[in-house]
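Peer 1: coordinates for the following, if possible.
(2 chains)
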Number of protein chains: 2
Amino acid sequence: MSVEEVLLELKRRVQTKLPPNINVTGIEFEGPELVIYTDDPRRLADDGEIVRSLAKDLRKRVVVRPDLKVLADPEGAVKKIQQVVPPEAGLTNYYFDGETGEVVIEAEKPGLVIGRHGATLREITKLIGWTPKVVRTPPVRSSTIANTKEYLRSVQSERKEILKTIGRRIHRDVASKDQWVRITTLGGCREVGRSCMLLSTPESKIIVDCGVNVGSDDSATPYLYVPEAYPLNQIDAVVLTHAHLDHAGLVPMLYKYGYEGPIYCTPPTRDLFVLLQLDYIDIAGREGKRMPYESAMIREALKHTITLNYGDVTDIAPDTKLTMHNAGHILGSSICHFHVGDGLYNVAFTGDFKFEKTRLFDPAVHTFPRLETLVMEATYGGSNSTQPSRKEAEGRLLKVVRDTIKRGGKVIIPAFAVGRSQEVMIALEEAIRKKSLEEISVYLDGMIYEATAIHTTYPEYLNNELRDLIFHKGINPFLSECFVQVETSSQRSKIVDGDPCVVLATSGMMNGGPILEYLKALGPDERNTLVIVGYQAEGTLGRRIQKGWNEIPLSAEGKTQTVKINLEVVTVDGFSGHSDRNQLMDYVRRVYPKPSRVITNHGDESNCLDLASSIYKKHRIPTMAPMNLETVRLV
Amino acid sequence: MSVEEVLLELKRRVQTKLPPNINVTGIEFEGPELVIYTDDPRRLADDGEIVRSLAKDLRKRVVVRPDLKVLADPEGAVKKIQQVVPPEAGLTNYYFDGETGEVVIEAEKPGLVIGRHGATLREITKLIGWTPKVVRTPPVRSSTIANTKEYLRSVQSERKEILKTIGRRIHRDVASKDQWVRITTLGGCREVGRSCMLLSTPESKIIVDCGVNVGSDDSATPYLYVPEAYPLNQIDAVVLTHAHLDHAGLVPMLYKYGYEGPIYCTPPTRDLFVLLQLDYIDIAGREGKRMPYESAMIREALKHTITLNYGDVTDIAPDTKLTMHNAGHILGSSICHFHVGDGLYNVAFTGDFKFEKTRLFDPAVHTFPRLETLVMEATYGGSNSTQPSRKEAEGRLLKVVRDTIKRGGKVIIPAFAVGRSQEVMIALEEAIRKKSLEEISVYLDGMIYEATAIHTTYPEYLNNELRDLIFHKGINPFLSECFVQVETSSQRSKIVDGDPCVVLATSGMMNGGPILEYLKALGPDERNTLVIVGYQAEGTLGRRIQKGWNEIPLSAEGKTQTVKINLEVVTVDGFSGHSDRNQLMDYVRRVYPKPSRVITNHGDESNCLDLASSIYKKHRIPTMAPMNLETVRLV
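Peer 2: Predicted structure coming up:
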């Protein structure tokens, strides 16, 4: 059956399910969703059950949209919304999308706009015709998110065409008589960086992650040129586990070389992706490096991004359904579960994951409806790669901060903007709030503030305790007065000359960014402390200082000056967003159902091999640690 | 450098190596050879050393050909050849190829045409201008070979263009900075049938074998549609280990689906390939089966075939050299050794191989200049798959024949036309010659006689003893009077009604062919014996009889009759062309140098896995038994 015929048949089935006086004026696949257009959305909205039962019956994600001619004018619509929604909801903004008939309503308390079981939302639909979509008014404005929204609105008609094309591709007819599922390793095997896997069947090709190894020139990019992946226009979908550059850094390049399909990720991953990509090409530009793509390609990627929330079961290819689950690594990070064929095979890619509750996130999800192969990271896969618990780590950090402050010094902490910074922030905030640390300022310099703003936009991606704190106790730790954003160099001077404090600054491995300004100013004074909370790669300044270098050449205004490193250097392990060896082994022990195969990647060679062999020895699950460029047949 | 520039540079270098009065009029890559055209081939021929030293210096296979304008007319040339060559050489035929300037001289004793260190051949070149190429006059005329030669002559100008294209492709510039070597399994893994492997590097793609599983409908063909292999016009070369259908049966289909490159194999493999392919589509046609290609495609394959002798080191891709070595399995069967890059990697594919001296062949070659990965067959890889020695097998066969004859019966032996038949023939011939068996007739029915004719054309591919017997003792066992070819059904009737005898007939598993006529006529008489010397696959008539069925439905002239199986059924193991378990293990023990990896294929799942694990346990060499559709990275 052609897609046209499928749509015709679906329209017929939908019409029979609807009350006779509701008219379906159009039906269309838009990305993974089946969109039903009707000239009387009010009636459909009356009965919330209809759409749910349609979705269940058709086994599709169903969205109902108004035929454009029934829409109220925006100004009148806003008034009606304000009439229906209680003022406590804190309505702050409205964005009307003429193409889709959607209105995005920003509110401080989205729940009050939605109402009990969606009653208020249905009421709005009835009154204005437009399909309301409610988002939370972010407590801290993120310019990244604002710009992303603005951009997506500016290309909405083009985007609708893209979604239609993607939708038709997803719902094309399947032809092959063969049944097999394969994984081809394009990058990130027996190494960290350039993560990239290809999941293929006779019907479809899906790329999971497409990272860059920023520390390498020779092996920076995945092996996208091999025939399994190239030409890229034959790829059905790109799925991102999370936004870090080693998992997503080369996604824009795909569009440069012919990819035209969708990117699936969670909403926070999309926003962090934009933030990190823009920063990446910004830094590369300043360092005079040649980038493999231009900023236009980031916009292209954004235009093709389809966001999914945890738990949404979504068709992304004729024979493949994707579901994302919390991975506990950074905001929006996902374990991506693929269900191939009708019960043929199930494989999950953990991406980077943390199997321990952290300040921000729940531990990674470890139960799935079905699971045959688990592809898991092995960053700390070696038998010696255990890490202190988060509690121990926090204890050590607080002690170091207290000691430093007591002697009149300042603490500087180099940190990745996304992930580790927020963990440290919350630990410090709680200590200050609970008076176990005196009231000092915690300065945020570099991208940390913006990344934090993105975190505050998605509280539903944080763990229960933190959500509870924010929603029920009214304490949003990110908004604590102890945090001060640093934006100018005069501000920096004041901090350097000021009271004892903590400075969190990028970059995490000290190979650039504002952290170097603080090092220059505070490095020579032995009362100060440099606290290293993240992994320092070989060849970085961070690693050198960790090793004990006490004279560092740093360039300032074109010339190189030598900085004396007299401050105390302390490494506090245990803040990692990766599962340590014990957590990795524990995950395999507890993952349900027990997979029949485990594949390790994202670790250096010995860690991947060690973890694979340990899992086999302990759990008798067949394992492998493939090299890059191999293909493993799953079934 | 473009190929044009390479050729120009080579011409310059060749010219400097030659005496000043010899003029290079042209230089061209034709297939893997560098062809130097000169208007004075006589002078070059004077000094045999020049070409050898050129080849060594340029690291290419160098051929010198006369510029066409210096060639003598064919009639005059023949006279001159006859003047120079001693009459004992037994000249029988001449084929002049106006395109290449070659004359193929057929002689009963090619050595006498070549002369000591090639002296006579050089003398001929000097006299006639044409480049002489000497081949043996076959003692038994093979119509396959005659037709093949005739066909190739008819397309010689087209073939020259093909060779030029192939030559330029082989010598193209290499561009990639990456270095890797991979094997992708397209068929014949954990199964027997449809053998097909892809050897790939960033520069080249080579298919090793492309067989058909004649016993299967679902899994008859290799997975050629996957992106690693398709589109086929990106394949650089197809290399055949031997001519059996499970290794070469789908080669013609490659040309139907866009392959345009060469097939590399030994000369006997080419001829047996043609014989078996024509028979294959003939039988399929009679059975009303749809073939995946037409006979025109067999001609296409033939047109693209480049033959190599054992030991010829040949460039077949910009970064790959191929050398074929005796595999001991059937006539012309080869272990194919690939040297990739300049010392980067060495991998050998055994194809089917026999690591035991047989009546016809030396045991498979087990030493190589270098070897990192060995891909080996596992037909008898299971720990219980030992076979009796050849000597024991022959002893049993002769006893069965003697016993049957003593009681006035006849022996019928179903046998594959190529391989096993000739082994049995030679065993019987020797027994008769040495009087350990009385002088009975051995009838050959089906393709056996033609296959035997091909064997007699290539005595240099037989083992030392057999060659010695033929050349020095003047006894060609294939020409023994005991062998009688059967061509008509009236001949068959006479045999059935005649004296005790042995009948060797196809097909080997009794699922067709003249063997069924003998079974019908001789099956009911209990004095007769059916001797099974080859493997009988599940589902074949041979297997059923082996299991003890004593009533067999056979169709004759449109209707089905039931044949009583009263004759004695004896299975004589030990004639296989495959190494048994002990020989496989022994091969791994003795192969030199010791490979760092062994991959098993061409055996059912348990045999492949059993052999792989036994090799690892015994020799501590890492092994694997991949599934089809996997890719293994070698380096």
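Peer 1: C-alpha from now on. contacts and neighbour counts both.
Peer 2: Will do.
Peer 1: ok, now how distant is whichever residue of the stretch 301-450 of chain A sits closest to chain B from residue A:619?
Peer 2: Nearest residue of the stretch 301-450 of chain A to chain B (CA to the nearest CA) works out as residue A:373 at 15.7 Å. According to CA to CA, to the nearest Å, residue A:373 and residue A:619 sit 14 Å apart.
Peer 1: which of these two has more residues huddled nearby?
Peer 2: residue A:373 (21 against 13; other CA atoms under 10 Å in any protein chain shown).
Peer 1: the more buried one bridge partners, please.
Peer 2: residue A:347, residue A:597 (DSSP bridges).
Peer 1: same check on residue A:340?
Peer 2: Beta-bridge partners, per DSSP bridges, of residue A:340: residue A:320, residue A:345.
Peer 1: so who does it touch?
Peer 2: Residues counted as contacts of residue A:340 (CA atoms under 8 Å, 6 or more residues apart in numbering or on different chains) are A:181, A:319-321, A:346.
Peer 1: can you do 7 Å?
Peer 2: By CA atoms under 7 Å, 6 or more residues apart in numbering or on different chains, residue A:340 lies in contact with A:319-321, A:346.
Peer 1: farthest-apart pair in those, please.
Peer 2: Using CA to CA, the two most remote members of the contacts of residue A:340 are A:319 and A:346, lying 11.7 Å apart.
Peer 1: measure the residue of the stretch 301-450 of chain A closest to chain B to residue A:85 for me?
Peer 2: In terms of CA to CA, residue A:373 sits 47 Å off from residue A:85.
Peer 1: closest approach to chain B from chain A, which residue is it?
Peer 2: Residue of chain A nearest chain B, by CA to the nearest CA: residue A:631 (4.3 Å).
Peer 1: which residues does that residue form beta bridges with?
Peer 2: residue A:184, residue B:631.
Peer 1: could you count how many residues lie near it?
Peer 2: Neighbour tally, residue A:631, other CA under 10 Å: 27.
Peer 1: now residue A:439. Nearest residue, chain neighbours left out?
Peer 2: Residue nearest to residue A:439 in three dimensions, not counting chain neighbours: residue A:432, with 5.8 Å by CA to CA, 6 or more residues apart in numbering or on different chains.
Peer 1: and the helices in the stretch 401-550 of chain A, which stretches?
Peer 2: In the stretch 401-550 of chain A, the segments counted as helices under DSSP state H, counting those that start in this stretch are A:420-433, A:448-457, A:464-471, A:489-497, A:515-522, A:541-547.
Peer 1: quick one: contacts of the second one?
Peer 2: The list of residues contacting helix A:448-457 from outside it, by CA under 7 Å, 6+ apart, reads A:136, A:138-142, A:331, A:417-418, A:421-422, A:485.
Peer 1: can you flag which of those belong to strands?
Peer 2: When DSSP state E is applied, the contacts of helix A:448-457 are split such that A:136, A:485 fall in strands.
Peer 1: top of the contacts of helix A:448-457 by neighbour count?
Peer 2: Neighbour counts for these (other CA under 10 Å) peak at residue A:331, which has 27 neighbours.
Peer 1: what residues are up against the closest residue in space to residue A:277 that isn't next to it in sequence?
Peer 2: Nearest non-adjacent residue to residue A:277, counting by CA to CA, 6+ apart: residue A:249, 6.6 Å away. Listed by CA under 7 Å, 6+ apart, the contact set of residue A:249 reads A:210-212, A:277.
Peer 1: just give me the closest of the contacts of residue A:340 to residue A:49.
Peer 2: residue A:321 (24.1 Å).
Peer 1: from residue B:481, how far out is the closest residue to that closest one other than its chain neighbours?
Peer 2: Excluding the flanking residues, the one nearest residue A:321 by CA to CA, 6+ apart is residue A:315, at 4.4 Å. From residue A:315 over to residue B:481 the distance is 73 Å, taken as CA to CA.
Peer 1: between the two, who's got more neighbours?
Peer 2: Ranked by neighbour count (other CA under 10 Å), residue A:315 and residue B:481 place residue A:315 first, with 23 against 12.
Peer 1: quick one: residues contacting that one.
Peer 2: A:32, A:170, A:321-322.
Peer 1: how about the strands in the stretch 151-300 of chain A?
Peer 2: A:182-187, A:196-200, A:205-208, A:237-239, A:263-265 (DSSP state E, counting those that start in this stretch).
Peer 1: next, count neighbours for residue A:116.
Peer 2: For residue A:116, using other CA under 10 Å, the count is 10.
Peer 1: ugh, wrong one, residue A:620
Peer 2: Residues near residue A:620, counting by other CA under 10 Å: 12.
Peer 1: what's the answer for residue A:200, then?
Peer 2: Neighbours around residue A:200, by other CA under 10 Å: 23.
Peer 1: residue A:182 is in contact with that one, correct?
Peer 2: Yes. Counting by CA atoms under 7 Å, residue A:200 does reach residue A:182; the two are 5.2 Å apart.
Peer 1: how about stretch A:84-102: buried residues?
Peer 2: A:85, A:89-91, A:94-97, A:100-102 (16 or more other CA atoms under 10 Å in any protein chain shown).
Peer 1: now those residues as CSV including pLDDT, secondary structure and distance to residue A:119?
Peer 2: Formatted as CSV, the buried residues of stretch A:84-102 follow (pLDDT from 0 to 100; DSSP: H, G, I helix; E, B strand; the rest coil; distance: CA to CA, whole Å):
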residue, pLDDT, secondary structure, distance to residue A:119
A:85, 95, coil, 11
A:89, 94, helix, 15
A:90, 93, coil, 18
A:91, 94, strand, 17
A:94, 89, strand, 19
A:95, 85, strand, 21
A:96, 86, strand, 21
A:97, 81, strand, 22
A:100, 76, coil, 22
A:101, 83, coil, 19
A:102, 85, strand, 17
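Peer 1: JSON lines for those, including distance to residue B:338?
Peer 2: Listed next are those as JSON lines, based on distance: CA to CA, whole Å:
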{"residue": "A:85", "distance to residue B:338": "75"}
{"residue": "A:89", "distance to residue B:338": "73"}
{"residue": "A:90", "distance to residue B:338": "73"}
{"residue": "A:91", "distance to residue B:338": "71"}
{"residue": "A:94", "distance to residue B:338": "67"}
{"residue": "A:95", "distance to residue B:338": "64"}
{"residue": "A:96", "distance to residue B:338": "65"}
{"residue": "A:97", "distance to residue B:338": "62"}
{"residue": "A:100", "distance to residue B:338": "59"}
{"residue": "A:101", "distance to residue B:338": "63"}
{"residue": "A:102", "distance to residue B:338": "62"}
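Peer 1: list just the nearest of these to residue B:380.
Peer 2: Residue B:380 lies nearest to residue A:100 out of the buried residues of stretch A:84-102, by CA to CA, at 65.5 Å.
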